[in-house]
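Please work out how this folds:
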Amino acid sequence: MHSVSLNVDAATYLAGYRPDARTLFLPTLSESRVGQDVAVRVGIVGQPIRATLFGKISVVRRVGRPALPPGIEVQLDAPSVAAAGFLAMAARGEPVTFKERLPRFVHEAAFQVEHAGARVEATCVNVSEGGCALRWPGQLPLVGDVVQVKLGTGLFAPAAKAIVCWNQPGGPAERSVGLRLVAEGRAGRAWRALVARVAAAGARRA
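Presented below is the predicted three-dimensional model:
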């Protein structure tokens, strides 16, 4: 998966956002290709809000002109549509809240995570049906990186695939990452069951 991070001014974001078509054009030169999966970390200049959007690159314009700058067009996946809408609200100067996000619960546990061929033990901070936040040992993975989270300790415990949505360097003991789960089948069911158990146990909302 290709990853891009950029800040754009409000007018540029709104000009490139097509909610009906679920596409977003961003004026960033990229080595990516049409059809490639992409994670785009987008910020609006002058606004604190940032969001990671996922999708496939539908257009790569390497040479442009004043009315059509070079850049990439992203066909947003369904879960990213709401986040793109929040960014558009911020770009228009409207108040933005995140009440529509999935419930998130405080949950501390050790997860075995595989990234770039190496396994690390990361401490879970909170969970939701859509993903989790982890305190990360060592060098942080990049936004858009794919990791595997082992759900259990047994030999045949399922591993859920996840994509890094954000990373936070912090201090020596404060490095953390946010993961978006994309697991299906047995791993997806195991993750949803984990979140349900945490919620049923009365965990505090994060």
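
Using the three-state scheme, assign the most centrally placed residue in the chain.
Centroid check for the chain by Cα atoms, centre = their mean gives Cys165 as the closest residue, at 2.7 Å. Judged by DSSP: H, G, I helix; E, B strand; the rest coil, the three-state class of Cys165 is strand.

Can you name the residues that contact it?
Going by Cβ atoms under 8 Å, 6 or more residues apart in numbering, Cys165 touches Ala39, Thr52, Gly131, Val143, Gly178, Leu179, Arg180. The C-beta positions use only the backbone N, C-alpha and C, and glycine is treated the same way.

any idea of the mean pLDDT in stretch 103-111?
Model confidence over stretch 103-111, given as mean pLDDT, is 92.

Not counting its own residues, what contacts that stretch?
So stretch 103-111 is contacted by 121-129, 132, 134, 149-151, 195, 198-199, 203-206 (Cβ under 8 Å, 6+ apart).

Can you tell me the closest non-neighbouring residue to Pro137?
Val120 (5.5 Å; Cβ to Cβ, 6 or more residues apart in numbering).

ok so that neighbour is a helix residue?
No - if the criterion is three-state DSSP, then Val120 is strand and not within a helix.

Enumerate every residue touching it.
Gln112, Val113, Trp136, Pro137, Gly138.

Quick one, which of the residues you listed are buried?
Buried members of the contacts of Val120, counted by 16 or more other Cβ atoms under 10 Å: Gln112, Val113, Trp136.

who does the first one bridge with?
Going back to what we said before, that points to Gln112. On the basis of DSSP bridges, Gln112 is bridged to Glu121, Lys150.

any residues touching the top helix by length along the chain, and which ones?
In the chain, ranked by residue count with DSSP state H as the criterion, the top helix is helix 185-200. With contacts defined as Cβ under 8 Å, 6+ apart, helix 185-200 is touched by 103, 105, 107, 127-129, 151-152, 157-161, 181, 183.

what about the strands in the chain?
In the chain, strands defined by DSSP state E lie at 2-8, 17-18, 23-26, 37-44, 50-61, 71-76, 105-115, 118-128, 131-135, 146-150, 159-168, 176-181, listed in chain order.
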